[in-house]
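In: coords below, sequence missing:
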């Protein structure tokens, strides 16, 4: 088959790009289409693909400030010419699923509907954002919402990265979606001795991740907190933090595995559509203290009635520092009862090989059905 892969943008290696890596392995001779491409920030697996970029990639400061071109994204994705392909596999959390597939079978793996214009709009464009951003989004939000709903008709089959996202697809687009959980490279993480007293956050520093809640909580707790990640809120968050909180930026895979393996627990303060970091922490045998909404409900087994023998974490119920503080204090009273080997076994259910096999099987079935349906009478 002639296959095209489509991904929103390639400017780093987070959860969505880990899925894309598997797609690149399944279809190593495919062409890869993306709005913006920073080759030095992606893996060798992605770099080996035939990458084709949009006109946005050639606009000023596109590699750093591509999000400011959001109103142009629908036009840019629609300009890709895919008329010669048999299968289009899109990996979408913004506009990739809106590609015109022409005659090809289009399967969309959705990490989230366009969060900037739906459920995360207020986090990105609330009172803390610049007036230019707020004004621009006020002018184009309705257009982007209409486009997002309308372009869903270009997808033959939806796959959601969680039951949480499948429900959003049903609500927004009126479409059913299969659920295939994203991959976790469990082999990169191990149980380590000599735990350290720090807690850990691994996250992009963007509004909806709610890192501000964690900083406020740990300012009050006076416990050490290490934050791995970069993003537009870095300066603001550093200014909020007391000396017990360290900002490490992005770190390499080996350093990250060590940070996971030696932390007391991972702090996960935002509502995510899925969330890879909690499973990476669990693959290291470390518990997760998470806000009890969204994808975390599908990946973390909570402490119930003080029984930690099969639990992998603790939920807090309100998006507030007070609620997180109570959860950390509950964890501290029970931390010796969590079993690292049990936590890791749970994470292994989300392995990369499992994801690769499920995606391969699903695509093979849909391609076979598509050929039968397209067969002339």
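Out: It's in. Since the model is a prediction, treat every value here as computed from it, not as a measurement.
In: for the chain, just list every one of the strands.
Out: Secondary structure of the chain by DSSP state E: the strands cover 3-7, 31-34, 50-53, 87-92, 105-110, 157-160, 177-179, 199-202, 225-228, 245-249, 266-268, 288-291, 313-316.
In: dump those strands to CSV, plus mean neighbour count, mean pLDDT and distance to residue 187.
Out: Glycine gets a C-beta too; all of them are placed from N, C-alpha and C. Formatted as CSV, these follow (neighbours: other C-beta atoms under 10 Å; pLDDT from 0 to 100; distance: least, C-beta to C-beta, whole Å):
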stretch, mean neighbour count, mean pLDDT, distance to residue 187
strand 3-7, 25, 98, 24
strand 31-34, 23, 98, 25
strand 50-53, 16, 96, 27
strand 87-92, 24, 98, 22
strand 105-110, 25, 98, 22
strand 157-160, 23, 98, 24
strand 177-179, 18, 98, 24
strand 199-202, 25, 98, 18
strand 225-228, 22, 98, 20
strand 245-249, 16, 97, 23
strand 266-268, 29, 98, 19
strand 288-291, 28, 98, 20
strand 313-316, 24, 96, 22
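In: neighbours around residue 153, how many?
Out: Other residues within reach of residue 153 by the criterion other C-beta atoms under 10 Å amount to 11.
In: gap between the two ends of stretch 38-51?
Out: Its start and end residues considered, stretch 38-51 measures 11 Å (C-alpha to C-alpha, to the nearest Å).
In: hmm, I typed the wrong one, I wanted stretch 327-340.
Out: 19 Å.
In: now do the buried residues in it.
Out: Neighbour counts over stretch 327-340 (16 or more other C-beta atoms under 10 Å) mark 327, 328, 330, 331, 334, 338, 339, 340 as buried.
In: distance of residue 247 relative to residue 48?
Out: Between residue 247 and residue 48 the computed distance is 33 Å (C-beta to C-beta, to the nearest Å).
In: same question for residue 361.
Out: Taking C-beta to C-beta, one finds residue 361 at 24 Å from residue 48.
In: for residue 71, same thing?
Out: On the measure of C-beta to C-beta, residue 71 and residue 48 end up 32 Å apart.
In: report the beta-bridge partners for residue 225.
Out: residue 199, residue 245 (DSSP bridges).
In: residue contacts, it?
Out: 198, 199, 200, 201, 214, 215, 218, 244, 245, 246, 267 (C-beta atoms under 8 Å, 6 or more residues apart in numbering).
In: what's across from the last one in the sheet?
Out: This points to residue 267. With DSSP bridges as the rule, residue 267 is bridged to residue 289.
In: quickly note the distance from the residue nearest to residue 205 when sequence neighbours are not counted to residue 215.
Out: Computed as C-beta to C-beta, 6 or more residues apart in numbering, the closest residue to residue 205 that is not its neighbour in sequence is residue 231, at 3.0 Å. Noted for residue 231: a distance of 14 Å to residue 215, by C-beta to C-beta.
In: neighbour-wise, which of those two wins?
Out: Neighbours were counted for residue 231 and for residue 215 using other C-beta under 10 Å; residue 215 has more, 22 against 14.
In: residue contacts, that one?
Out: Counted by C-beta under 8 Å, 6+ apart, residue 215 has contacts 225, 237, 240, 241, 245.
In: report pLDDT for it.
Out: Turning to residue 215, the model gives it a pLDDT of 98.
In: if I look at it, how far off is residue 92?
Out: 31 Å.
In: got the contact list for the nearest residue to residue 277 once chain neighbours are set aside?
Out: Once flanking residues are discounted, residue 277 sits nearest to residue 202: 4.4 Å by C-beta to C-beta, 6+ apart. For residue 202, the contacting residues are 228, 229, 256, 259, 260, 266, 277, 280, 281, by C-beta under 8 Å, 6+ apart.
In: 7 Å - rerun?
Out: 228, 229, 277 (C-beta atoms under 7 Å, 6 or more residues apart in numbering).
In: now, which of those residues sits nearest residue 75?
Out: residue 229 (30.8 Å; C-beta to C-beta).
In: give me the nearest residue to the closest one, chain neighbours excluded.
Out: Counting by C-beta to C-beta, 6+ apart, residue 229 lies nearest to residue 203, which is 4.7 Å off, once chain neighbours are set aside.
In: in this structure that neighbour contacts residue 212, no?
Out: No - counting by C-beta atoms under 7 Å, residue 203 sits too far from residue 212 to count as a contact (11.6 Å).
In: neighbour count winner among the two?
Out: residue 203 (24 against 19).
In: helices along the stretch 51-200 of the chain, start to end?
Out: Here the stretch 51-200 of the chain has its helices, by DSSP state H, counting those that start in this stretch, at 62-65, 73-78, 121-125, 131-151, 163-173.
In: any chance of those helices in a markdown table, plus distance to residue 272, mean neighbour count and mean pLDDT?
Out: Formatted as a markdown table, the helices of the stretch 51-200 of the chain follow (distance: least, C-beta to C-beta, whole Å; neighbours: other C-beta atoms under 10 Å; pLDDT from 0 to 100):
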| stretch | distance to residue 272 | mean neighbour count | mean pLDDT |
| --- | --- | --- | --- |
| helix 62-65 | 24 | 15 | 86 |
| helix 73-78 | 22 | 20 | 97 |
| helix 121-125 | 12 | 17 | 62 |
| helix 131-151 | 20 | 14 | 83 |
| helix 163-173 | 8 | 18 | 96 |
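In: good, we can wrap up now.
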